[in-house]
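>>> what follows is a predicted protein model with its sequence.
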Amino acid sequence: MNRGQFKQYILETYPCEANHPWIKYPNNEVFRHPGNRKWFALVMDVPKNKLGLAGSDVIDVVNLNATRSSSAHCGKNPASFRLTT
């Protein structure tokens with residue numbers, strides 16, 4: 001799934017719209033719940049080397065805001081990076 005397909009899926013599945021909150025990063029998009037305006041997805045351009053990958057070309061990265069139980073399966077995907085605080 002590419003970035004455009006991902007955006008289309010979100011917009012067709014959930015009652016929301018894309019928001020571009022950062023002037024410095026116009027390609028970064030935030031998707032928010034319409035009722036409480038809390039974000040549930042962030043799509044951004046990130047250089048590979050910022051993720052510890054070889055190269056400096058820019059790739060699409062999705063940050064999903066989910067509960068621990070609903071995101072447990074993501075760790076099984078080798079393309080997923082699990083960030084913890």
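Noted; the coordinates are in hand. Numbering: from 1, shown residues only.

>>> OK, contacts around the spatially closest residue to V62 that is not a sequence neighbour?
Closest residue to V62 in three dimensions, ignoring its sequence neighbours and counting by Cβ to Cβ, 6 or more residues apart in numbering: V43, at 5.4 Å. In short, each C-beta sits where N, CA and C put it, glycine included. For V43, the set of contacting residues under the criterion of Cβ atoms under 8 Å, 6 or more residues apart in numbering consists of R3, F6, K7, N28, E29, F31, D60, V61, V62, N63.

>>> filter those to the buried ones?
With neighbours counted using 16 or more other Cβ atoms under 10 Å, the contacts of V43 contain these buried positions: R3, F6, K7, N28, E29, F31, V61.

>>> for the protein, which strand is longest?
Across the chain, the longest stretch assigned as strand under DSSP state E is strand 39-47.

>>> got the CA coordinates for whichever helix or strand comes after it in PDB?
Proceeding N to C from strand 39-47, the next assigned helix or strand is strand 58-64, under DSSP states H and E. Coordinates of the C-alpha atoms in strand 58-64 are reproduced here as PDB (Å, rounded to 0.1, in the frame of the first residue of the first chain):
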ATOM      1  CA  VAL A  58      13.100  10.000   2.000                       C
ATOM      2  CA  ILE A  59      10.500   7.400   2.700                       C
ATOM      3  CA  ASP A  60       6.900   7.500   3.900                       C
ATOM      4  CA  VAL A  61       6.400   6.600   7.600                       C
ATOM      5  CA  VAL A  62       3.100   6.100   9.400                       C
ATOM      6  CA  ASN A  63       2.700   6.600  13.100                       C
ATOM      7  CA  LEU A  64      -0.500   5.100  14.400                       C
END
